[in-house]
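Asker: Quick one, structure for this:
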Amino acid sequence: MVFEPFEDESDFEDLDEKLSDPDPAVRRVAVMDLADTADPEAIPLIARAVGDDSAEVRLQAAIALGEFDGLAAATALCEALQDTDGKVARAAADSLAELKDPDSAPPLLALTGHEDAKVREGALLGLKQLRRPDALANGIEGMKDPVAAVRIQALGVVGYLKAEEALPALIASCRDEDPEVRRTAVGALAFSKSSHAKDALLAALQDDHWAVREIAAEVLGKFSMTDEAAQLIPLLDDAYWQVRVKAVRSLGKLKVVDAVDRIGAQLGEQTSNLRKEAAAALGEIADRSALPFLESLVDDPDPDVRKNVRWALAQIE
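Answerer: Numbering: from 1, shown residues only. I've put the predicted structure just below:
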């Protein structure tokens with residue numbers, strides 16, 4: 001549904017009065033009605049509700065502001081982000097993540113150094129989608145935060161900006177003590193085609209955590225590699241099938257003929273997603289040595305596997 005701008009000033013005045021009603025339920029409904037207008041003129045009124053005595057009203061205001069964009073909405077949400085009620089603060093963070101207008105950035109930039117880690121985390125989350133070049137320094141600084149959740153959101157800001165000058169900081173984060181931070185940093189390297197980024201990704205293939213190995217295997221498929229591509233082959237023995245899937249996919253994209261036998265062996269796995277990816281990879285490589293593996297799967301019980309097998313055979317024959 002597309003809302004038309006709200007034009008009835010008398011209704012606005014009525015909602016304004018309801019925001020001062022002694023009953024918090026009435027005030028909460030007024031906030032909801034203001035959001036339904038979809039009129040930017042409602043933002044100052046909803047912003048008033050951010051300071052309401054009732055946490056339920058403040059929560060509704062934080063949710064309602066997610067329907068709007070721009071500096072005024074961002075400023076009100078930054079106030080809600082600092083609310084002492086955890087539900088209100090989380091709702092504000094979620095709404096900040098919906099901002100798209102780059103002009104919304106100033107109040108968020110101001111909060112990236114806040115004493116409360118949750119506030120820093122929410123501010124960086126909101127900045128990510130705005131892709132403001134002047135947020136790069138805040139993002140890099142946030143990557144050194146003592147709290148892992150903040151470092152993850154800071155990596156999001158930096159990764160979205162795809163700035164080569166941030167590469168040393170991103171590579172350093174690939175060695176972070178927290179596996180989720182390492183996983184996010186490795187994923188953020190996808191934009192760079194430098195040898196330093198490639199070396200960091202190859203090192204991540206040996207990470208202790210499977211999710212880091214998985215994303216490293218996926219990102220390496222986007223690089224132009226020759227001899228280094230063979231370093232993906234050992235991941236076909238990984239204990240986690242999710243890692244093997246990404247390694248298979250990248251080996252196919254990179255057309256690594258030396259991996260045909262090892263990829264073909266994946267066609268005997270119980271996990272249908274792995275068989276499907278293995279068949280597709282053999283089709284990408286399109287080497288005749290894959291024919292025996294593929295021909296053994298033409299009657300696979302999974303229709304997606306059979307489809308990929310037929311496609312792969314067509315690429316080779």
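Asker: Without its sequence neighbours, what residue ends up closest to R262?
Answerer: L236 (4.7 Å; C-beta to C-beta, 6 or more residues apart in numbering). (C-beta placed from N, C-alpha, C; glycine too.)
Asker: I'd guessed that neighbour sits against L267; true?
Answerer: No: counting by C-beta atoms under 8 Å, L236 stays clear of L267, with 11.7 Å between them.
Asker: Relative to V305, how far out is the residue lying closest to L34 once chain neighbours are set aside?
Answerer: Spatial nearest neighbour of L34, chain neighbours left out: A42 (4.2 Å); criterion: C-beta to C-beta, 6+ apart. Distance, A42 to V305, by C-beta to C-beta, to the nearest Å: 53 Å.
Asker: do R132 as well
Answerer: 45 Å.
Asker: got it, and A97?
Answerer: Distance from A97 to V305, by C-beta to C-beta: 37 Å.
Asker: neighbour count winner among the two?
Answerer: Neighbours of A97 and V305, each counted by other C-beta atoms under 10 Å, are more numerous for V305; the result is 23 against 16.
Asker: buried set for the one helix or strand the more buried one maps to?
Answerer: In this structure, V305 sits in helix 303-316 according to DSSP states H and E. Neighbour-count burial for helix 303-316, counted by 16 or more other C-beta atoms under 10 Å, picks out V305, R306, N308, V309, A312, L313.
Asker: residue ranges with poor pLDDT in the stretch 51-200 of the chain?
Answerer: Within the stretch 51-200 of the chain, the set of residues satisfying pLDDT under 70 is empty.
Asker: Now do the strands in it.
Answerer: Assigned strands in the stretch 51-200 of the chain: none (criterion: DSSP state E, counting those that start in this stretch).
Asker: Test my guess that A123 contacts L81.
Answerer: Yes: A123 is in contact with L81 according to C-beta under 8 Å; the separation is 6.9 Å.
Asker: can you list residues touching both of the two?
Answerer: Contact with both A123 and L81 is made by residues L96, L111, according to C-beta atoms under 8 Å, 6 or more residues apart in numbering.
Asker: Give me the distance between the nearest residue to M143 once chain neighbours are set aside and G139.
Answerer: Leaving aside its chain neighbours, M143 sits nearest to A154 (4.6 Å; criterion: C-beta to C-beta, 6+ apart). Distance of A154 to G139, given as C-beta to C-beta: 5 Å.
Asker: Give the residues shared as contacts by the two.
Answerer: With C-beta under 8 Å, 6+ apart as the test, A154 and G139 both reach L124.
Asker: Looking only at neighbour counts, state which of these two leads.
Answerer: A154 (31 against 25).
Asker: Quick check, that one in contact with P146.
Answerer: No: assessed by C-beta under 8 Å, A154 is found out of contact with P146, at 11.9 Å.
Asker: count of residues packed around the nearest residue to P102 once chain neighbours are set aside?
Answerer: Distance criterion C-beta to C-beta, 6+ apart; nearest residue to P102, sequence neighbours excluded, is L130 at 5.0 Å. Close neighbours of L130, defined as other C-beta under 10 Å, add up to 22.
Asker: how much space is there between L130 and A38?
Answerer: From L130 over to A38 the distance is 21 Å, taken as C-beta to C-beta.
Asker: pretty sure S54 contacts P24?
Answerer: Yes: using C-beta under 8 Å, S54 makes contact with P24 at a distance of 3.8 Å.
Asker: Identify the residues contacting R28.
Answerer: So R28 contacts S54, E56, V57, Q60 (C-beta under 8 Å, 6+ apart).
Asker: again with L136
Answerer: Contacts of L136 (C-beta under 8 Å, 6+ apart): V157, V158, L161, A163, E165, A166.
Asker: What subset of those is buried?
Answerer: Buried members of the contacts of L136, counted by 16+ other C-beta under 10 Å: V157, V158, L161, A163, A166.
Asker: For the fourth one, give its distance to Q60.
Answerer: Distance check for A163 against Q60: by C-beta to C-beta, it reads 38 Å.
Asker: ok, now the second one?
Answerer: Counting by C-beta to C-beta, the separation of V158 from Q60 is 33 Å.
Asker: and the closest residue to A230 other than its chain neighbours, how many residues sit next to it?
Answerer: Spatial nearest neighbour of A230, excluding adjacent residues (C-beta to C-beta, 6+ apart): D258 at 6.2 Å. The number of residues packed near D258 is 12, by other C-beta under 10 Å.
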